[in-house]
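A.B. asks: When you get a sec, could you give me coordinates for this:
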Amino acid sequence: MSKIRVLTLALFFSMSFAGLAYLLYLQLLYPTLIPGYGGGERFSLTNENNHSFQIPWFAHSRLHLTLQANDTVELHVDGEYVGDYTHYDFVIEPGREVPVLLKSSSTVSGMFTARQEIPLEKQVLALGLLLTGLSGTAIFARIGRSIAS
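C.D. replies: Coordinates of the predicted model:
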């Protein structure tokens, strides 16, 4: 096999690997990388904070938030009363800052879990890299096999 063929095969294989690695990153890690928050925020409603907690959530991309608490909390989103919950899921649209306020009459602790949606263009790029690399490798292998015959 000539050096050009080996380099071409290595290029297609590298594209396949890069596409697969990027796709795994997007599915497993990217949704938890929320600027300023990470994958979520813990909260604690105690006497010291008058059994209340407020956090402004800013969404760079569509943001899915899940509230989980060990006891019922009064939930206010963007200044409006939503209800009393121990578990609640909601979405914040991109480019918005939404203040979330929690209140309780007793000590409560819990967590907001945040997951951002993966932009379509990033998914298309990852799949494009993977498919181009796999197609190139398959075509090159087939051409190489027919030349060797």
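
A.B. asks: how about the nearest residue to the most centrally placed residue in the chain, chain neighbours excluded?
C.D. replies: Nearest to the geometric centre of the chain sits Pro31, at 0.7 Å (Cα atoms, centre = their mean). Of all residues not flanking Pro31 in the chain, Arg115 sits nearest, at 4.2 Å (Cβ to Cβ, 6 or more residues apart in numbering). For glycine as for every other residue, the C-beta is placed from the backbone atoms N, C-alpha and C.

A.B. asks: try Val82
C.D. replies: With Cβ to Cβ, 6+ apart, the residue lying closest to Val82 is Leu75, at 4.4 Å.

A.B. asks: following the strand of greatest length in the chain, which helix or strand shows up next?
C.D. replies: Selection of the longest strand in the chain by residue count, based on DSSP state E, yields strand 63-77. Using DSSP states H and E, the helix or strand that follows strand 63-77 towards the C-terminus is strand 80-92.

A.B. asks: Tell me, how many residues neighbour the nearest residue to Gly40 once chain neighbours are set aside?
C.D. replies: The shortest distance from Gly40 to any non-neighbouring residue, by Cβ to Cβ, 6+ apart, is to Thr113 (4.3 Å). By other Cβ atoms under 10 Å, 16 other residues sit near Thr113.

A.B. asks: from here on, count from 779
C.D. replies: In the new numbering, first residue 779, that becomes Thr891.

A.B. asks: Thr891 contacts Arg820, correct?
C.D. replies: No - Thr891 sits out of contact with Arg820 when judged by Cβ atoms under 8 Å, with a separation of 10.2 Å.
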